[in-house]
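>>> Have a look at this prediction, sequence included:
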Amino acid sequence: MEQMAALGGMILVVFAVMMVLGLLVGGLILKFSVRLLQGFSPGYGKSILVVFLSGVVGFIINIALTMVMGVGAGMGDPSMMGGEAAMAGAMASLGIMGVSLLAALFITAFFINLLIKSPTGQAIGYGRSCLVSLLYLVAMVVLGIVASIAIGVIVGVMGVGMAGMAG
């Protein structure tokens, strides 16, 4: 039982570190996106605040969409699901992921328009905020895919090493 508690604590620490790193990197990417498309660089703190707020609101919307669509209701026991039901659940999950990504685009644009001001003190406009948000989300998705592949390779190499040590 103590091993499970230690494993759970370790998972929480890794999750917290990944969240902080995600905020810091997301703030840098947002700052770069605004600089590239608008010609000025917002403050790093404002960029992190935009990333944090859009992440919280996006998370809430994702949970609400998942509950409304009923995804995961029968996922507890996959043996009870037939092939067609499993495929329908997977398709619904992909649909929710797509809608959540689209919602994240507009939520991030809203917070960019609300919080990031040009050097003259005016809002940059919602259309331009959508463009900045699109560049930011594309960069984050690409970075997420690269990080996932890197983590997969590292875990795979570690697994092969452990299997080799076992015999």
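The structure has been received and is ready for your questions. Just so it is clear, the model here is predicted, and its values are computed rather than measured.
>>> Kindly check the end-to-end length of stretch 106-126 for me.
End-to-end span of stretch 106-126 (Cα to Cα, to the nearest Å): 9 Å.
>>> From the chain's centroid, how far away is it?
21 Å (Cα atoms, centre = their mean, to the nearest Å).
>>> Averaged pLDDT, it. What do you get?
For stretch 106-126, mean pLDDT is 93.
>>> in that stretch, what's buried?
Residues of stretch 106-126 classed as buried: 107-113, 115-116, 124 (neighbour count, 16 or more other Cβ atoms under 10 Å). Any C-beta I mention is one placed from the backbone N, CA and C, and that applies to glycine too.
>>> what residue ranges in the chain score low on pLDDT?
Across the chain, the ranges flagged by pLDDT under 70 are 70-83, 85-86, 88-89, 167.
>>> burial measure for S41, as a count.
Residue neighbour count, defined by other Cβ atoms under 10 Å, stands at 13 for S41.
>>> And the nearest residue to it once chain neighbours are set aside, how close does it get to L28?
Nearest non-adjacent residue to S41, counting by Cβ to Cβ, 6 or more residues apart in numbering: R35, 4.4 Å away. According to Cβ to Cβ, to the nearest Å, R35 stands 10 Å off from L28.
>>> same check, this time on L114
20 Å.
>>> List the contacts of F110.
Residues near F110 by Cβ atoms under 8 Å, 6 or more residues apart in numbering: 54, 126, 129.
>>> mind listing what the first one touches?
Taking Cβ under 8 Å, 6+ apart as the criterion, S54 is in contact with 104, 107-108, 110-111.
>>> which of those lies closest to L49?
Set against L49, the nearest of these by Cβ to Cβ is F111 (8.1 Å).
>>> residues touching that closest one, list them.
50, 53-54, 57.
>>> repeat that for 10 Å
Residues counted as contacts of F111 (Cβ atoms under 10 Å, 6 or more residues apart in numbering) are 30, 46, 49-55, 57, 129, 133.
>>> With S133 instead?
30, 33, 50, 54, 104-113, 126.
>>> is it fair to say it lies in a helix?
Yes: looking at S133 with DSSP: H, G, I helix; E, B strand; the rest coil, it is inside a helix.
>>> List just the nearest of the contacts of F110 to M97.
The nearest one, if we look at the contacts of F110 relative to M97 and count by Cβ to Cβ, is S54, at 16.7 Å.
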